[in-house]
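Asker: Here's my sequence, what's the structure:
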Amino acid sequence: MEEQEIDFTEGVDLKDQQIVQLQKEIIQLESNLKFPLALKSVVAGSLLGYFTTKKVTKNNNAAILGSLAGAAAAYGLTKGKDLSTDQKHAINEQIQLRKNQLRNLGVEIKADETGILTAQELEDMDYDKYVFGDDKYGNFIGNPAVGFHAIVFGLPKGGKSIWSMQFADYLANHFGNVLYIASEEGFKGTIKDKITEWTTNRSNLKFGNFTGYEQIKNNVDGYDFVFIDSLDFAKITVEEMEELKKLNPKTSFITVKQVTKDGKFRGSQEYAHNCDIIVSIEDGIANQKGRYNPEAQMEVFTKEEEIEK
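Answerer: Here you go, the predicted model:
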């Protein structure tokens, strides 16, 4: 039998090529999100008009006119053809997919920079964010950063868990893997009914029944979004919540909090002070205050839907 020489470097070049290709694709996809089609077409049309006219006439003034004509023509062809909300969601899904592939290949997706930066450097910095776009959650929350923390509170039966379930389903359908920790209800018939009525995703949306910091800490790794319903039943303190966020900087946490009979926040106010988005819900109406959007309101369920239940 002939001895075959083993190439221990085999696969290394392929891995590097995969990484470079994925990074290029992410840049292209992010460019498609950031710059409207009309703007890119104007730039391309302007350059094409300039160089084509310059080549034919050898005259700079004529080339400038050609550039303006090219830009105008390109704008006319692409005006009103910007991406729809569904298209933005699809692109964002592809970006997240490629970033996950990079992580699997051992590439670290950097968290926020630390130190001192100029205003210009901060302005030019590209932050990872979820592009909700012009749909009901985009209009309600805005486009939150990866690793955001939202807190949801309100009186019993007001719609906290229903809103959380709907939002979890939306995130699972468009942006990644979701773990919904149902500490308050557990795996009972009520949670089953809510899943059937308010969700559609059956692959990216998973449910857990955990209580206590250690159980939750040991089960949230690898999820893009984690819902804790509720912090009170899960027995998670302010300090433990902050530790969970530090241990999982790329995971977004959506946490539900109980209130007192008069509608005030139960327990430490630090829960609200330390989060990015506050959602208060009463009688099927959600109100939002947060870092990513002005105050906004949305309907969770109608009175008719509540009566039918």
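Asker: May I ask which helix or strand encompasses Glu214?
Answerer: Applying DSSP states H and E as the criterion places Glu214 in helix 213-217.
Asker: tell me the mean pLDDT over that helix?
Answerer: The pLDDT scores in helix 213-217 average 95.
Asker: which strands and helices sit next to it?
Answerer: If contacts are counted by 3 or more C-beta pairs under 8 Å, 6 or more residues apart in numbering; DSSP states H and E, helix 213-217 sits against helix 238-247. In this view, the C-beta of every residue, glycine as well, is placed from N, C-alpha and C.
Asker: which residues touch the next helix or strand after the helix it packs on?
Answerer: Going down the chain from helix 238-247, the next helix or strand is strand 252-257, by DSSP H and E. Contact with strand 252-257 is made by 130, 144, 146-153, 160-161, 164, 167-168, 184, 224-232, 236, 241, 244-245, 265-267, 271, 275, as judged by C-beta atoms under 8 Å, 6 or more residues apart in numbering.
Asker: from what I can see Glu295 touches Lys289, true?
Answerer: Yes. Applying C-beta atoms under 8 Å, one finds Glu295 in contact with Lys289, separated by 5.4 Å.
Asker: Between the two, which is the more surrounded one?
Answerer: Set Glu295 next to Lys289 and count neighbours by other C-beta atoms under 10 Å: Lys289 wins out with 13 against 9.
Asker: what about that one, distance to Val259?
Answerer: Going from Lys289 to Val259 by C-beta to C-beta, to the nearest Å gives 15 Å.
Asker: contacting residues for the spatially most central residue of the chain?
Answerer: Central residue of the chain (C-alpha atoms, centre = their mean): Tyr130, 2.7 Å from the mean position. Contacts here follow C-beta under 8 Å, 6+ apart; on that basis Tyr130 touches 92, 143-146, 175, 252.
Asker: Turn the residues you listed into a markdown table, columns for secondary structure and distance to Glu197.
Answerer: Formatted as a markdown table, the contacts of Tyr130 follow (DSSP: H, G, I helix; E, B strand; the rest coil; distance: C-beta to C-beta, whole Å):
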| residue | secondary structure | distance to Glu197 |
| --- | --- | --- |
| Asn92 | helix | 27 |
| Asn143 | coil | 28 |
| Pro144 | coil | 26 |
| Ala145 | strand | 31 |
| Val146 | coil | 29 |
| Phe175 | coil | 22 |
| Ser252 | strand | 24 |
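Asker: Which parts of the protein belong to which domain?
Answerer: 12-104, 136-308 (automatic domain parsing).
Asker: Between those domains, which one is closest to Ala119.
Answerer: domain 136-308 (18.8 Å; C-beta to C-beta).
Asker: Return the distance of the closest one from the chain's centre.
Answerer: Centroid separation for domain 136-308 versus its chain: 15 Å, with C-alpha atoms, centre = their mean, to the nearest Å.
Asker: What's the first helix or strand after the helix or strand where Gln166 lies?
Answerer: If you go by DSSP H and E, Gln166 is part of helix 160-174. Using DSSP H and E, the helix or strand that follows helix 160-174 towards the C-terminus is strand 178-181.
Asker: outside of that next one, which residues touch it?
Answerer: 164-165, 168, 171-172, 201, 204-210, 216, 219-220, 223-229, 234.
Asker: Where does Tyr127 sit: helix, strand or coil?
Answerer: coil (DSSP: H, G, I helix; E, B strand; the rest coil).
Asker: and stretch 92-110, C-alpha only, in PDB?
Answerer: As requested, the backbone C-alpha atoms of stretch 92-110 are provided in PDB (Å, rounded to 0.1, in the frame of the first residue of the first chain):
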ATOM      1  CA  ASN A  92     -31.400  41.700   8.300                       C
ATOM      2  CA  GLU A  93     -32.000  38.000   8.700                       C
ATOM      3  CA  GLN A  94     -29.300  37.300   6.100                       C
ATOM      4  CA  ILE A  95     -26.900  39.600   8.000                       C
ATOM      5  CA  GLN A  96     -27.500  37.800  11.300                       C
ATOM      6  CA  LEU A  97     -27.200  34.400   9.600                       C
ATOM      7  CA  ARG A  98     -23.700  35.300   8.300                       C
ATOM      8  CA  LYS A  99     -22.600  36.800  11.600                       C
ATOM      9  CA  ASN A 100     -23.600  33.500  13.300                       C
ATOM     10  CA  GLN A 101     -21.600  31.600  10.600                       C
ATOM     11  CA  LEU A 102     -18.600  33.800  11.400                       C
ATOM     12  CA  ARG A 103     -18.900  33.100  15.100                       C
ATOM     13  CA  ASN A 104     -19.000  29.400  14.300                       C
ATOM     14  CA  LEU A 105     -15.800  29.800  12.300                       C
ATOM     15  CA  GLY A 106     -14.100  31.400  15.400                       C
ATOM     16  CA  VAL A 107     -14.400  35.000  14.400                       C
ATOM     17  CA  GLU A 108     -15.200  37.400  17.300                       C
ATOM     18  CA  ILE A 109     -17.900  39.900  16.500                       C
ATOM     19  CA  LYS A 110     -16.600  42.800  18.500                       C
END
